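Q: All I have is the shape, not the residue letters:
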């Protein structure tokens, strides 16, 4: 079985999304992690062996052995490095599968081979561009070969913040549960339109297992929005109660049986899973562009600093959180209204975008009298633009109060310049903020093959920006989550 899971961009809800009281809007990306589980047919293999390869990395091979008696995955002494993320994910997914799949021992008998690959966007491509003598622009970044080698050990890779560990773990869990026929995985974006996030058993089960494995790998129960995006695609997310997983943490190895895990993670057996997923995405006719900024920041350090300040200043924090939450919710609602307008106003919606996309926001009002402009759509767009300026203003206040670089000055200068480009609706720092990435949402109109003034202007701005080093990513928005893939499309990337 082969599956892919998307990366994520948290557009609104940084910091707030940790708290069940608040929500965050997470947009899935076109860059995805691919995972394949292949039956071992081409080599003499040990019974119950699990061979994992990640062809993009030096020493990217980890061999394990599953014991049907003890229900344990042990690593081979020949492994050159350890990979706890992969090992604990396979251990727990096989433990669950051993109980739920009647044919488990047969399917594992000749051993399995797992291949894991991430799109280039998950890792910084600066060195690659330098090697190829290419400028940092969209054309160059698309010229890098797909699933390009990172030329380093996995622990040394520079990540871009798209949620590689969550996408990888979700794809790995999904491909194993799919291989053992425990869940059904949607095949494409059309399937996604029909999914009921409350009642879809397969995806809720996948979500719960992936959340557990991800928390285990990271050693803490995070907000879970990144795993949620890898499963469900783009949506407004309200986190699950962390006590659900914390209870499992307290058990020692002997108590952590397949039955116990299933009793907590299977949505049919445990109705306490209370994450709320409400589908939502960037409006039609808009595209998202992302950039990796040379100086990375450490998200955990920033989050703990903000949390410490929040604890010490509960009243002041509550005011900022409430204001931010109101601003964030307004953006989410406006996105929904624009998507509705694209259906209800049809041609008028598209003709409005066609006129405005060539101008920066400060010139949009001049076109109000144009017969091709819908006043309603123009008004909604201006509300989004101004609403997002308010979100950024709140984040800068939070930066100042907590002495944390959520939107540092160098990023403010770059984002302000982006927001002056034609057709740019919003530009911001995703998630917890910091120095390492930015996103822009740009009006593209209906014809995505035509040159787009906004994208060209952003590309030029980024390439010539002096204050920080900006490198574009290939990714744009993509609304769907976990997806079945055809293994044939990926075999060429695997060394035999």
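A: Looks like it arrived, so ask away. This structure is a prediction, so every number in the text was calculated from the model and none was measured.
Q: Count the residues that sit near the closest residue to residue 149 other than its chain neighbours.
A: Nearest residue to residue 149 in three dimensions, chain neighbours excluded: residue 56, at 5.4 Å (CB to CB, 6 or more residues apart in numbering). Where you see a C-beta, it was placed from the backbone N, CA and C, and this is true even at glycine. Close neighbours of residue 56, defined as other CB atoms under 10 Å, add up to 21.
Q: Could you do residue 429 as well?
A: 28.
Q: my guess is it meets residue 418, correct?
A: No - with contact defined as CB atoms under 8 Å, residue 429 does not count as touching residue 418 (11.3 Å).
Q: Strands of this protein, residue ranges please.
A: With DSSP state E, the ranges of strands along the chain come out as 2-12, 24-39, 49-53, 61-67, 72-75, 112-118, 235-238, 276-279, 286-293, 424-428, 437-443, 470-472, 483-485.
Q: Highest mean neighbour count out of these?
A: Compared across those, strand 2-12 shows the largest average neighbour count, a mean of 28 (mean count of other CB atoms under 10 Å).
Q: Can you list the helices and strands that that one packs against?
A: strand 24-39, helix 164-179, helix 225-232, helix 314-344, strand 437-443, strand 483-485 (3 or more CB pairs under 8 Å, 6 or more residues apart in numbering; DSSP states H and E).
Q: Of all the ones you listed, which one is nearest residue 286?
A: The closest of the helices and strands packed on strand 2-12 to residue 286 is strand 437-443. By CB to CB, the value is 5.4 Å.
Q: Which strands border the closest one, and is each parallel or antiparallel?
A: strand 286-293 (antiparallel), strand 424-428 (antiparallel) (DSSP bridges).
Q: returning to what we had before: redo the strands of the chain as a markdown table? Include distance to residue 126 and mean pLDDT.
A: Shown next, in a markdown table, are the strands of the chain (distance: least, CB to CB, whole Å; pLDDT from 0 to 100):
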| stretch | distance to residue 126 | mean pLDDT |
| --- | --- | --- |
| strand 2-12 | 18 | 97 |
| strand 24-39 | 16 | 96 |
| strand 49-53 | 25 | 94 |
| strand 61-67 | 26 | 96 |
| strand 72-75 | 33 | 95 |
| strand 112-118 | 17 | 96 |
| strand 235-238 | 31 | 96 |
| strand 276-279 | 35 | 93 |
| strand 286-293 | 8 | 96 |
| strand 424-428 | 21 | 98 |
| strand 437-443 | 13 | 97 |
| strand 470-472 | 5 | 95 |
| strand 483-485 | 28 | 94 |
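Q: Do I have it right that residue 165 meets residue 218?
A: Yes - at 7.3 Å, residue 165 counts as touching residue 218 under the criterion of CB under 8 Å.
Q: between the two, which one's more packed in?
A: residue 165 (18 against 15).
Q: confidence score at the more buried one?
A: As predicted, residue 165 sits at a pLDDT of 96.
Q: Give me the distance between it and residue 219.
A: 12 Å (CB to CB, to the nearest Å).
Q: Residue 32 too?
A: Separation of residue 32 from residue 219 (CB to CB) stands at 26 Å.
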